[in-house]
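**Q** Generate a structure from the sequence data that follows.
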Amino acid sequence: SKMKSENRKTIWNTEEVPEGSEFDDTWDPREQPEHEILFKQCVGTEDVFFGMSGKDPSTACCEDIVIKIKLPETKYSDITLDIQDTVLDLRTPKKKLLLHLPYPVNSKEGRARFLSEEEILEVTLRVSRKFDFINFA
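**A** Predicted structure coming up:
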């Protein structure tokens, strides 16, 4: 079956364009900062000692994504950060990072803090998951 288009001259539908592609400017000469993605999981004694909740150490059971971005010679006021459901866009005068996130996140409930002594921006985002046999809470 044919997909209906809003305008016959359009090349693709808006649903076909991945989220965050509007930020993807390959002409930008700024370098990408070093970064690492960590996964955080809330566990209690029932998980550690008894394995009662069914959680395992995989990323499928993690609640948060923590992204640590090294930003040497950067002030907090120079950082522009935009979080979408699947994209993190960071800009500074010298660095640019467009990061497609491994899992969809709740873009409204994130936290960011700049550790000025280490020159690291730490962004913590809550993973948005559908309820299943592992993620039932």
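**Q** Isn't residue 78 up against residue 72?
**A** No. In this structure, residue 78 is not within contact of residue 72 by CB atoms under 8 Å, at 12.0 Å. For the C-beta atoms, the positions are set from N, CA and C on the backbone; glycine is no exception.
**Q** So what's the residue count around residue 63?
**A** Residue 63: 14 surrounding residues under other CB atoms under 10 Å.
**Q** Make sure it is actually in contact with residue 43.
**A** No. Shown here, residue 63 and residue 43 do not form a contact pair, counting by CB under 8 Å, at 10.0 Å.
**Q** Lowest average confidence across helices and strands of this protein, where is it?
**A** Ranking every helix and strand in the chain by mean pLDDT, DSSP states H and E puts helix 45-48 at the bottom, with a mean of 66.
**Q** The following helix or strand past that one - contacts with which helices or strands?
**A** Sequence-wise, the next helix or strand downstream of helix 45-48 (DSSP states H and E) is strand 64-70. Other elements packing on strand 64-70 under the criterion 3 or more CB pairs under 8 Å, 6 or more residues apart in numbering; DSSP states H and E are strand 35-40, strand 120-126.
**Q** Now these in TSV, please, with extra columns for mean pLDDT.
**A** Shown next, in TSV, are the helices and strands packed on strand 64-70 (pLDDT from 0 to 100):
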stretch	mean pLDDT
strand 35-40	92
strand 120-126	95
